[in-house]
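A.B. asks: this one's structure only:
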């Protein structure tokens, strides 16, 4: 509990990070309230209003089927949020398990697992994601799984590094002497102490996952129309690039602001959770 | 490095072949007349009727001879298909790496030297925006601005469709014009990342004792920064450069698709769509090999930068 208060106190000092946190919360509320606040149905086609520029009726204009862009963006925020959190959840689960095992047991186990991490890091990740998604059915669950399964390596390395130092500490020895099982030592004693860098990585991870999802949807490999996502509105923007700038501008801005906010929160968390920075007031 | 390479091929092979949907299915789903017999024949032709590990061994046997097999789509050799695409992708990536280094390192060094100055703050804001901007969106905006509104830059292709009347110089100029947007966009995110790394790497070095010593013995500030600090700060920068190769190559899928550049990324996209296993495998492996090469070059430059490694060898 004390850790949370201290962290918050330190986090608060970075005004940009606080702004990021507020934006993140606002975006969550928008996503939850999408059915209430979206002015139009996101999939309602209006042939009389095709590609109309932003106006008081359609704040962000309409797309090539006359659908209201603002409403599609509001619904699209649900996609970004879901993909961000579920993909990162998967990545963290895998990363924590592999990192803990490698760090705790060390030796051969560690060598094999870290070799595996090296191999995974050698792939151009986007190629791997693309290959899997194109071969499987492109939809939101595939995307979440694939982004998660290709994004756990950094977490595994972080957790392993924490384990390597923590397992030598006295409290672990005490747990061992009192007869705790390895699993209990890993999950009850060491892991809770190794989680701060994981939180930070998770926050940056959400930002990254949202970027990847929008890229995939843009390429037509993500969320399939008519379901809205920020990425696939941009595809329409590309198809109508000569006539409808608003289709390209607004969804991209939404992605930028969202990703930026998560990155700012991550930066703030990193500084707030880094004990090396607790005493002195320098370094960013 | 060789075991790493085999690990890479095993993972690529498993991922591609375990996924549901087969090239035979894609090729025959359009014609209802394709009988079960015809499907079997196709499968045998492609070697897909054998168990997975045999298929893999067959693939490896050819791979050691640098033969990636023939494309399922047009029957051409995968090696040829990739080789004719690779120069364009490499050219764009090398140019953007050069651009990244030329812009990012001075920004990073200057931010570190003048930490907390106005310049440092502006650079930090730029870094965060750079990290968070979807590159394909930036591409769209620049296409609208330079291609549609101002009409001064071409927005698609590697060169003009008709280059017959051009001299060599004009042709180079033509390609350069086509590459301005793709190269700057693929460099954009990298500039943000790299300037951040050079900044923190520089900050770390500046606090070292030998920098204080250098100052104390009366060296000029520029000599301290450039000769004593910067040379040491280069090491982590070189590592990051090696590690950023996969991201750059992966990113080529997106901008080659947007700008309709017939490079490796575009070929990869088309091949995955057609479930052209040999080509997909070939590109995945070559992408990974390029990454390994990037790391190797980084290791070698380490030795160039750091005399300790030259003498002792890496531990």
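C.D. replies: All right, it came through fine. In this text, all values refer to a predicted model and were calculated from it rather than measured experimentally.

A.B. asks: quick one: buried residues of stretch B:196-204?
C.D. replies: Buried residues in stretch B:196-204, counting neighbours by 16 or more other Cβ atoms under 10 Å in any protein chain shown, are found at B:196, B:197, B:198, B:199, B:200, B:201, B:202, B:203. Heads up, the C-betas are built off the backbone N, CA and C, glycines and all.

A.B. asks: Find the nearest non-adjacent residue to the fifth one, please.
C.D. replies: Once flanking residues are discounted, residue B:200 sits nearest to residue B:112: 7.6 Å by Cβ to Cβ, 6 or more residues apart in numbering or on different chains.

A.B. asks: again, but for the first one
C.D. replies: Across the structure, with Cβ to Cβ, 6+ apart as the measure, the residue nearest residue B:196 apart from its sequence neighbours is residue B:127 (5.0 Å).

A.B. asks: is it true that that neighbour touches residue B:195?
C.D. replies: Yes: under the criterion of Cβ atoms under 8 Å, residue B:127 makes contact with residue B:195 at 6.1 Å.

A.B. asks: Of those two, which one has the most company?
C.D. replies: Higher neighbour count among residue B:127 and residue B:195: residue B:195, with 25 against 22, using other Cβ atoms under 10 Å in any protein chain shown.

A.B. asks: Chain A contacts on the stretch 51-200 of chain B?
C.D. replies: B:124, B:128-129, B:131-138, B:140-141, B:143-144, B:148, B:155 (Cβ under 8 Å from any Cβ of the partner chain).

A.B. asks: can you rerun that using 6 Å?
C.D. replies: B:128, B:131, B:132, B:133, B:134, B:136, B:137, B:140, B:144, B:148 (Cβ under 6 Å from any Cβ of the partner chain).

A.B. asks: give the contact list for the last one.
C.D. replies: It refers to residue B:148. Contact analysis of residue B:148 by Cβ atoms under 6 Å, 6 or more residues apart in numbering or on different chains lists residue A:242.

A.B. asks: buried set for the strand or helix carrying residue B:124?
C.D. replies: Secondary structure assignment for residue B:124, by DSSP states H and E: helix B:118-132. Counting neighbours by 16+ other Cβ under 10 Å, one finds that the buried residues in helix B:118-132 are B:120, B:123, B:124, B:126, B:127, B:128, B:130, B:131, B:132.

A.B. asks: Put together TSV for the residues you listed, with pLDDT and distance to residue A:255 on each row.
C.D. replies: Below are those laid out as TSV (pLDDT from 0 to 100; distance: Cβ to Cβ, whole Å):
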residue	pLDDT	distance to residue A:255
B:120	90	27
B:123	91	23
B:124	88	21
B:126	89	18
B:127	89	17
B:128	89	14
B:130	89	14
B:131	85	12
B:132	90	8
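
A.B. asks: Let me know the closest of those residues to chain A.
C.D. replies: residue B:132 (3.9 Å; Cβ to the nearest Cβ).

A.B. asks: pLDDT averaged over the helix or strand hosting residue B:97, what's the number?
C.D. replies: Using DSSP H and E, the element containing residue B:97 is helix B:78-113. For helix B:78-113, the mean per-residue pLDDT is 90.

A.B. asks: what's it packed up against?
C.D. replies: helix B:118-132, helix B:168-206, helix B:264-273, helix B:277-305 (3 or more Cβ pairs under 6 Å, 6 or more residues apart in numbering or on different chains; DSSP states H and E).

A.B. asks: returning to that earlier point: angle of the helix holding residue B:124 against helix B:78-113?
C.D. replies: Angle, helix B:118-132 to helix B:78-113, by axes from the mean of the first three to the mean of the last three Cα atoms, to 10 degrees: 150 degrees.

A.B. asks: Helix B:118-132: what's the following helix or strand?
C.D. replies: Scanning forward in sequence from helix B:118-132 by DSSP H and E, the next helix or strand is helix B:135-142.
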